[in-house]
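Peer 1: Coordinates only, no sequence provided:
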């Protein structure tokens, strides 16, 4: 029998809080991390959307001045979440600073970190500097700040992870893919411990303008906290979000040998492709359904074993229905009975970082036996007859299976499956 993989640490830096626990508690309270943007560039560019889900705490309040200056926000958020998860797991690579933590050899520690866009703010800021002030004013660290693997490198260098610093870039499925990849690394013997997660920092006038131009964003400027409303008949698009989340994963034997706490089990993962359209999901949902089925098959489970789904559920008119169609293919009539959480209603859509935070929420739902609420669901779309709790709801999660779905531009589908401890 293949050895099980366990989750032993979590970390997050999100629109709901500066830590995993703050984010989870705010989610359970039904809070929204969405707010009006106060940047001057909103009026300067006359943007049609004036709100987003910004990180609740400025990264500059958590990192040192030097760290913040040398890292794009996408890497800043990664570093904060990665550090928290590693500490939460009770691990260190420094024998002289162990202080009760377990020392892991740097050559046996691997980072698999994802982003959908990378250091967007650094790239576009440098372009503005080049045009306005000339090449001599462009920062020499521009390329290391903008490259997509910069977050993985930042986490790996900080924690001394020398088994690898991998980067998955698959739009909004990116960090779910990283978590699925982490299982492969562990089972292949590439590392004893993997820090897997994702981050995104896309709150800049260009992405806002671009997503708005394709009519993907909600335009509910007058009530931003109610703008992200998955499954609601009045949904009109997603809310752009930023932040990061991380999971520490290791083989169960390794975790138990050091007496680690176990949040739950990562039992399966799968990635498929629609090969249908660059932005639109396949309306038949066949690729997304196959990802769910493959993830369950890799877990040695069936659709009947699933007791909870954290849905991709971006709050777009087309996307929410496409995911429901895919879930129908997988679960049949039982799809109406499975409690579904659409947590983007509170966090906004973190793009490449979305899968990581939603995987973390799925693990915590199983660990604590509670389905988090979906907010802003006032009138549920009759074409999506799911069970979507709008208040925290207790459920029997011990030894049970839950899945977390992520789907991205380019037709990428990624799903991970967890089991309660």
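Peer 2: Great, that's in hand. Bear in mind the structure is a predicted one, so any value in this text is a computation, not a measurement.
Peer 1: can we go C-alpha only for contacts and neighbour counts from here?
Peer 2: OK.
Peer 1: how about the helices of the chain, start to end?
Peer 2: 20-28, 40-44, 65-70, 73-88, 120-133, 142-146, 150-159, 174-187, 205-213, 252-257, 286-298, 317-331, 344-347, 354-368 (DSSP state H).
Peer 1: Residue 375: which of these is closest?
Peer 2: Smallest distance to residue 375 across the helices of the chain (CA to CA): 5.7 Å, for helix 344-347.
Peer 1: Can you list the neighbours in contact with the closest one?
Peer 2: Contacting residues not belonging to helix 344-347 are listed as 14-16, 27, 30-34, 53, 227-230, 241, 312-315, 374-376 [CA atoms under 8 Å, 6 or more residues apart in numbering].
Peer 1: gap between that helix and the chain center?
Peer 2: Here the centre of helix 344-347 is set off from its chain's centre by 12 Å, with CA atoms, centre = their mean, to the nearest Å.
Peer 1: Equivalent analysis for stretch 233-246, please.
Peer 2: 11 Å.
Peer 1: circling back to that earlier point, among the helices of the chain, which is nearest residue 107?
Peer 2: Per CA to CA, nearest to residue 107 of the helices of the chain: helix 150-159, 11.0 Å.
Peer 1: Now the closest one: buried residues?
Peer 2: 150-156, 159 (16 or more other CA atoms under 10 Å).
Peer 1: now that helix: mean pLDDT?
Peer 2: On average, the pLDDT along helix 150-159 is 98.
Peer 1: what does that helix contact?
Peer 2: Identification of contacts with helix 150-159 by CA under 8 Å, 6+ apart yields 74-76, 78-79, 82-83, 92-93, 110-115, 118-119, 144, 161-162, 164-167, 199.
Peer 1: Low-confidence stretches in the stretch 201-350 of the chain?
Peer 2: The stretch 201-350 of the chain contains no residues with pLDDT under 70.
Peer 1: burial count for residue 298?
Peer 2: 15 (other CA atoms under 10 Å).
Peer 1: Now do the same contact list for it.
Peer 2: 267-270.
Peer 1: just the buried members of the residues you listed?
Peer 2: 267-270.
Peer 1: so of those, which ones are in strands?
Peer 2: Those of these mapping onto strands are 267-270, per DSSP state E.
Peer 1: Adding distance to residue 207 as columns, could you present those in TSV?
Peer 2: Shown next, in TSV, are those (distance: CA to CA, whole Å):
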residue	distance to residue 207
267	35
268	33
269	30
270	29
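Peer 1: so residue 42 sits right up against residue 205, yeah?
Peer 2: Yes: at 7.0 Å, residue 42 counts as touching residue 205 under the criterion of CA atoms under 8 Å.
Peer 1: beta partners for the residue nearest to residue 196 when sequence neighbours are not counted?
Peer 2: Leaving aside its sequence neighbours, residue 196 sits nearest to residue 112 (CA to CA, 6 or more residues apart in numbering; 4.8 Å). Counting by DSSP bridges, residue 112 is bridged to residue 166, residue 196.
Peer 1: Distance of residue 112 relative to residue 137?
Peer 2: Using CA to CA, to the nearest Å, residue 112 is found at 33 Å from residue 137.
Peer 1: Then residue 349?
Peer 2: Applying CA to CA to residue 349 and residue 137 gives a distance of 34 Å.
Peer 1: Over to residue 294?
Peer 2: 50 Å.
Peer 1: What's the mean pLDDT across stretch 16-31?
Peer 2: For stretch 16-31, the per-residue pLDDT averages 98.
Peer 1: That one: which residues count as buried?
Peer 2: 16-21, 23-24, 26-28, 30-31.
Peer 1: quick one: contacts of it?
Peer 2: 10-15, 32-33, 55-57, 81, 84, 245, 343, 346-347, 361, 364, 372-375, 391-392.
Peer 1: where does the stretch 51-200 of the chain dip in pLDDT?
Peer 2: Checking the stretch 51-200 of the chain against pLDDT under 70 turns up nothing.
Peer 1: Identify the residue spatially nearest to residue 55, adjacent ones excluded.
Peer 2: The nearest residue in space to residue 55 (CA to CA, 6+ apart) is residue 15, at 4.0 Å.
Peer 1: looking at it, the one you found is touching residue 243, isn't it?
Peer 2: Yes: using CA under 8 Å, residue 15 is in contact with residue 243, at 6.8 Å.
Peer 1: So between those two, which is more surrounded?
Peer 2: residue 243 (37 against 27).
Peer 1: show me the contacts for the more buried one.
Peer 2: Contacts of residue 243 by CA under 8 Å, 6+ apart are 12-15, 54-55, 74, 77-78, 199-201, 350, 353.
Peer 1: just residue 119 next, same as before
Peer 2: 72-75, 145-148, 150, 201.
Peer 1: How much space separates it from residue 200?
Peer 2: In terms of CA to CA, residue 119 sits 8 Å off from residue 200.
Peer 1: Please apply the same query to residue 41.
Peer 2: In terms of CA to CA, residue 41 sits 20 Å off from residue 200.
Peer 1: More neighbours: which of these two?
Peer 2: residue 200 (31 against 13).
Peer 1: Can you name the residues bridging to that one?
Peer 2: Bridge pairing for residue 200 - DSSP bridges - gives residue 243.
Peer 1: Hmm, it is touching residue 350, no?
Peer 2: Yes: with contacts counted by CA under 8 Å, residue 200 reaches residue 350, the gap being 6.1 Å.
Peer 1: list residues touching both of those two?
Peer 2: 241-243.
Peer 1: ok, of these, which one's closest to residue 68?
Peer 2: Nearest member of the shared contacts of residue 200 and residue 350 to residue 68, counting by CA to CA, is residue 243, at 14.7 Å.
Peer 1: And that closest one, how far from residue 55?
Peer 2: 6 Å.
Peer 1: Please enumerate the shared neighbours of those two.
Peer 2: Shared contacts of residue 243 and residue 55, counting by CA under 8 Å, 6+ apart, come down to 13-15.
Peer 1: just the residues you listed now: which is nearest residue 263?
Peer 2: Checking the shared contacts of residue 243 and residue 55 one by one against residue 263 (CA to CA), the nearest turns out to be residue 13, at 18.8 Å.
Peer 1: Residue 382: neighbouring residues, count only.
Peer 2: Residue 382, neighbours per other CA under 10 Å, totals 10.
Peer 1: before we move on, what about the one 3 residues further on?
Peer 2: Residues within reach of residue 385, counting by other CA under 10 Å, total 13.
Peer 1: what sits against it?
Peer 2: Here residue 385 is in contact with residue 336 (CA under 8 Å, 6+ apart).
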